[in-house]
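this one's structure only:
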């Protein structure tokens, strides 16, 4: 079930161009439902795909580390679709079972202490401050 | 301001023992407010510290990667204290300015697509499924 | 699957009265599952339906704008049911495809900057303060 | 800092009436900032105070249990103000230090398993279903 | 659909031991999917089960109160699986329909005021502070 | 307190160019802290500012409606900074006190029903589905 129609390969040319780039970038024919839903707005489809391609490319962080961070955010935001799709992406980029297990352990630890810190409402220690000046 | 008193170094011996281990593990005298607040329950203090020490140690993922994941979860959970303390930890473990900037970009991209996927309510693609059997 | 039974049209009279008002207000026979689940508590059913009817009526904001706000909150709270039902309501109140696409773009932008602001932990600028006095 | 002015005791009569009822119900002169901020909208002020008074009164659950549930929701929603004010309310209704410590432990456990369940995306077991029929 | 395989009763001995303890503790043969998913990491499975058993046992709070708190956190974190499984647990521990209805009312009230307090951004009243000293 | 330094007007030329455009676009000299914090990464600063300028411009939705949606998302995501800054923006774009009060009422209603729907776990009604086919 969706709140929008899913756009097929017979959509407008701007959509088809993004779908083609998704296929070329991934070296795979399958275009997943997120992009087909987002394609109701060809401008946003192109922008988000472009941002995703650039942001997830190798840089100061490697692509697998970026996928782990992505799964972490998606889990805390309770986005089922995103947890599924980025766990699959992380596996495709080499995430081992042991790395997956550790990722889950860190996410669970962070969630536990996040809630404890929020319930305690302890003040941020001044030593953590990085402000120099406005 | 806090919802609990912050326990000083003059607390009960079980608390003092955890504080001593925090100092020894970190090679630093400073014990931050989170642990002082959590110390109202010495049992939970000991358990959380123990879990944190084990979970954040080197394993299939390196300690810095784990801190980046921790910041990501804390950001999505909107835990101000945790964002501050783990950004400081990540820096202490070598996070560069360029890595910090990329971390923020990945978190921001994930938040953006998390909300889009939730608003679109697209179905999870069967290809992402890992279930073998119950 | 649900955590409560869904109440049919053969429920208690107080429930039947709310269901009748839902039908009359909407000019439609269909009563959606949310109200059937909430009907396990006829008092809360009546209160929430009453609040919804009053709050979503025309006022300083028009009904469609209110539905857009509702979708925005439901998305950020990751409530799949609510995103579906209020997207349908917004369409019934005239939301165009172009408006839907812009709504998604604003939600996605806000999510992106929300996470950035939380990760940066920048202090609120005093110029934003509205407090006059306690 | 606030996004609205805080209304003093010299506000409109409908606001003064709610403030008087808050004082009478609690047997205390102090009216906390939440109600002073909410008072920018006298109608909503009256409705929320009325709902709070009725919902938090003794019923099938006792008032202290209700405050613990309130703190739990407020923590997960990351509402600093609410965590502070309802921890104070719980204490005023008899919450002991031991109960507070156990509350924090349950909240932390739930957060930990919430994130694990979301990351695992395991299907809900049919045995948990309560639906009888629509 | 899951992001991990679900481990059967034919898994490794350390998993089988936890499954046996789950069965013995609950006096029931059924092991629900959460534990089967978590079993991809036998160490974390054992730790989380152990923490759950200890934390949810009778103490300063009774087991049913703890389940209500658990449902509250799971709802605010939007964890569908957890809401289902802990509503079932609460019923198994004696939650009546009236108590369930009041639980929902408190959760809904807290969510409403949480969002109002966050939107108003009123400052925490100093009277709620419990800090004695660091 | 921040996790990054706040960049002054003496930052690198690419930052200065964005700050100049913020000033020109708004017709005001003040550059708020969010942009000064984000400026640690000139590329992301430029992209987010550009996205914000385009997304918040008049289109199928008017600029004030967009600010209301922004406040709604920021509230549900518990981003204090964003709630403050976008409430100020909405006022600058003409939000009246009556509109602000109604916005808060809709946000509070949505939060209340979001949590109820999540706690009830009622299935999405097939009538809300928009999928045509992939």
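Perfect, I can see it now. Source: prediction; values computed, not measured. Numbers count the residues shown, from 1 in each chain, chains lettered A, B, ... in the order given.

make it CA atoms for all contacts and neighbour counts henceforth
Fine.

Mind splitting chain A into its structural domains?
A:1-55, A:59-121 (automatic domain parsing).

can you put the ones you listed in a markdown table and add mean pLDDT and distance to residue E:129?
Rendered in a markdown table, the data for those read as follows (pLDDT from 0 to 100; distance: least, C-alpha to C-alpha, whole Å):
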| stretch | mean pLDDT | distance to residue E:129 |
| --- | --- | --- |
| domain A:1-55 | 97 | 42 |
| domain A:59-121 | 98 | 10 |
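
looking at the ones you listed, which is buried most?
Among the domains of chain A, ranked by average contacts under mean count of other C-alpha atoms under 10 Å in any protein chain shown, first place goes to domain A:59-121 (a mean of 23).

so does that domain get close to chain F?
No: for a cut-off given as C-alpha under 8 Å from any C-alpha of the partner chain, domain A:59-121 has no contacts with chain F; the smallest distance is 9.1 Å.

Are that domain and chain D in contact anywhere?
Yes: shown here: domain A:59-121 in contact with chain D (C-alpha under 8 Å from any C-alpha) through A:71, A:75-76, A:78, A:80, A:83-84, A:104, A:107-113, A:115-116, A:118-119, A:121.

So which of those belong to helices?
Counted as lying in helices by DSSP state H, out of these, are A:71, A:75-76, A:80, A:83-84, A:104, A:107-113, A:115-116, A:118-119.

Look at residue A:57 and say how many residues are nearby.
Neighbours of residue A:57 under the rule other C-alpha atoms under 10 Å in any protein chain shown: 14.

Isn't it up against residue A:63?
Yes: with contact defined as C-alpha atoms under 8 Å, residue A:57 counts as touching residue A:63 (5.9 Å).

For residue A:98, give me its contacts.
Going by C-alpha atoms under 8 Å, 6 or more residues apart in numbering or on different chains, residue A:98 touches residue B:60.

I misspoke; the intended subject was residue A:92.
By C-alpha under 8 Å, 6+ apart, no residues touch residue A:92.

roughly how far apart are residue A:40 and residue A:53?
Separation of residue A:40 from residue A:53 (C-alpha to C-alpha, to the nearest Å) stands at 20 Å.

and the nearest residue to residue A:1 once chain neighbours are set aside, what are its phi and psi?
In this structure, residue A:1 finds its nearest non-sequential neighbour in residue F:129, 5.1 Å apart by C-alpha to C-alpha, 6 or more residues apart in numbering or on different chains. Main-chain dihedrals, residue F:129, degrees, to the nearest 10: phi -70, psi 140.

Residue F:129 against residue A:3, yeah?
Yes: in terms of C-alpha under 8 Å, residue F:129 counts as a neighbour of residue A:3; the distance is 6.1 Å.

so what's in contact with these two at the same time?
By C-alpha under 8 Å, 6+ apart, residue F:129 and residue A:3 have these common neighbours: residue C:84.

Next up, identify which helix or strand residue A:40 is on.
Here residue A:40, judged by DSSP states H and E, is contained in no helix and no strand.

Just read off the phi/psi values of it.
Torsion angles at residue A:40 (phi, psi; degrees, to the nearest 10) stand at phi -60, psi -20.

ditto for residue A:51
Torsion angles, degrees, to the nearest 10, at residue A:51: phi -60, psi -40.

check contacts around the nearest residue to it once chain neighbours are set aside.
Excluding the flanking residues, the one nearest residue A:51 by C-alpha to C-alpha, 6+ apart is residue B:109, at 7.5 Å. Residue B:109 is in contact with A:51-52, A:55, C:112, counting by C-alpha under 8 Å, 6+ apart.

Apart from its neighbours in sequence, what residue is nearest the spatially most central residue of chain A?
What sits nearest the mean C-alpha location of chain A, by C-alpha atoms, centre = their mean, is residue A:70, with 4.0 Å. Excluding the flanking residues, the one nearest residue A:70 by C-alpha to C-alpha, 6+ apart is residue B:110, at 5.6 Å.

how much space between that neighbour and residue B:125?
From residue B:110 to residue B:125 the distance is 18 Å (C-alpha to C-alpha).

Check residue A:83 too.
For residue A:83, the distance to residue B:125 - C-alpha to C-alpha - is 12 Å.

repeat for residue A:62
26 Å.

same question, residue A:56
Distance from residue A:56 to residue B:125, counting by C-alpha to C-alpha: 21 Å.

what does residue A:101 give?
Between residue A:101 and residue B:125 the distance is 23 Å, computed by C-alpha to C-alpha.

which one of residue A:56 and residue B:125 has more residues nearby?
Each of residue A:56 and residue B:125 has its neighbours counted (other C-alpha under 10 Å); residue A:56 has more, 20 against 15.

Looks like the more buried one contacts residue B:106 (just checking).
Yes: taking C-alpha under 8 Å as the definition, residue A:56 is a contact partner of residue B:106 at 7.2 Å.

Which neighbours do the two have in common?
Listed as contacting both residue A:56 and residue B:106 by C-alpha under 8 Å, 6+ apart are residue A:66.

Thank you, goodbye.
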